[in-house]
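A.B. asks: below is the structure, and that's it, no one-letter string:
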């Protein structure tokens with residue numbers, strides 16, 4: 001009986017000792033316990049889905065040409081690759097989206113840095129043709145409300161990349177305001193604007209509440225700023241890689257049976273044509289295409305698509321991932337640097353050419369350098385000296401790796 005009482009005492013003590021704290025499976029120390037230094041483990045279930053984003057479940061597929069190479073270009077060879085799951089915009093970026101971007105830039109930088117605004121303006125002159133009258137598109141396409149839901153055009157790769165950075169900051173700022181961690185600050189001017197990296201580095205203070213997240217550091221103030229480990233803020237937006245875009249466009253998840261894709265596709269839908277075969281919609285165009293020479297939209301009373309040149313971004317049917325206009329309408333940027341033989345050179349997992357490796361700039365004492373005049377953290381290319389001994393990379397610029405750079409030359413003395 002005495003032994004049983006001892007066992008009960010030990011078990012009860014264990015329950016009371018662990019009550020309220022989760023223990024590390026590695027060290028046994030309590031998480032979120034000020035007495036143990038305050039290392040925190042925040043509750044996390046899954047990442048929040050950002051505005052207008054659709055989850056694209058990753059997997060393996062055959063990337064590249066899916067018809068005969070009748071032009072004998074000898075590029076875009078079919079090969080099996082794997083992409084990770086990722087999020088992608090449900091639609092193309094619209095004129096309304098871009099005008100919101102321009103408005104924000106003008107409000108924040110227009111007075112002191114007007115060149116920032118001018119650099120973001122789309123090239124509306126792309127509409128001009130020597131033998132066609134397209135001036136109405138030049139004058140009205142970007143800003144007239146009739147075109148607000150149409151895809152923005154005349155955007156360079158650099159402009160598209162900058163837009164992704166801006167969108168990252170605006171989405172994360174909105175999350176922090178919504179959660180009551182930041183005050184809503186509409187008076188951001190110049191460098192005094194919310195930037196995700198600057199916030200993480202402790203270099204954005206405007207709009208910050210006195211209260212933040214609870215801090216269990218016994219030497220702290222009781223509150224702290226959000227960290228990436230908390231799972232509250234979203235990762236950076238970016239352009240999709242070519243592999244990701246092609247994978248998402250085909251939407252082969254709709255043709256999977258067990259562990260097999262039972263039919264490849266030429267389009268984001270099944271079949272060889274561009275018309276809907278379903279009885280209810282039979283004959284309707286599946287995307288925005290020029291049907292033939294001189295036929296951009298069909299005849300009056302029976303137009304075959306939603307526009308003469310571009311169409312609203314929700315026109316037509318989405319593919320099996322829920323993505324619209326993955327064929328037709330306008331061309332879309334990807335993140336990669338193009339090389340004709342990329343299909344032979346790149347990795348088979350998350351293939352991508354265009355890496356330029358950087359790091360946060362630091363001052364002479366080794367601390368993170370101050371943000372720049374636009375409120376962004378300064379990044380500098382990594383150097384070979386600091387990467388001596390690394391096997392996976394040493395140089396910063398790997399855009400031309402195995403394609404005309406030093407490593408790919410037989411006689412490196414003449415590189």
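C.D. replies: Cool, the structure landed. Note that this is a predicted model, so its numbers are computed, not measured.
A.B. asks: now the helices for this protein?
C.D. replies: 2-18, 95-109, 114-119, 135-140, 157-178, 196-200, 242-250, 342-345 (DSSP state H).
A.B. asks: outside of the last one, which residues touch it?
C.D. replies: This means helix 342-345. With contact meaning C-beta atoms under 8 Å, 6 or more residues apart in numbering, helix 342-345 is reached by 63-64, 75-79, 242, 336, 339, 351, 353, 402-403. Bear in mind the C-beta positions are built from the backbone N, C-alpha and C, glycine included.
A.B. asks: and that helix, how far out from the chain's middle?
C.D. replies: 23 Å (C-alpha atoms, centre = their mean, to the nearest Å).
A.B. asks: what about that helix, average pLDDT?
C.D. replies: Average pLDDT, helix 342-345: 80.
A.B. asks: equivalent analysis for stretch 294-312, please.
C.D. replies: Mean predicted lDDT for stretch 294-312 stands at 85.
A.B. asks: tell me the phi and psi of the closest residue to residue 231 other than its chain neighbours?
C.D. replies: Leaving out its chain neighbours, the residue that sits closest to residue 231 by C-beta to C-beta, 6 or more residues apart in numbering is residue 44, at 4.2 Å. Main-chain torsions, residue 44, degrees, to the nearest 10: phi -150, psi 130.
A.B. asks: look up how far residue 174 lies from residue 44.
C.D. replies: 20 Å (C-beta to C-beta, to the nearest Å).
A.B. asks: same check on residue 156?
C.D. replies: 27 Å.
A.B. asks: what of residue 370?
C.D. replies: On the measure of C-beta to C-beta, residue 370 and residue 174 end up 26 Å apart.
A.B. asks: now swap in residue 354 and tell me
C.D. replies: From residue 354 to residue 174 the distance is 29 Å (C-beta to C-beta).
A.B. asks: again, but for residue 75
C.D. replies: Taken as C-beta to C-beta, the span from residue 75 to residue 174 is 42 Å.
A.B. asks: same question for residue 82.
C.D. replies: 33 Å.
A.B. asks: which residues in the stretch 251-400 of the chain form strands?
C.D. replies: 256-257, 260-261, 298-299, 302-303, 358-360, 379-381 (DSSP state E, counting those that start in this stretch).
A.B. asks: CSV for those, including mean neighbour count?
C.D. replies: Converted to CSV, the strands of the stretch 251-400 of the chain look like this (neighbours: other C-beta atoms under 10 Å):
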stretch, mean neighbour count
strand 256-257, 10
strand 260-261, 13
strand 298-299, 10
strand 302-303, 10
strand 358-360, 12
strand 379-381, 13
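A.B. asks: among the helices and strands of this protein, which has the poorest mean pLDDT?
C.D. replies: helix 2-18 (a mean of 41; mean pLDDT, DSSP states H and E).
A.B. asks: could you list the low-pLDDT ranges of the stretch 301-415 of the chain?
C.D. replies: By pLDDT under 70, the low-scoring segments of the stretch 301-415 of the chain are 404-415.
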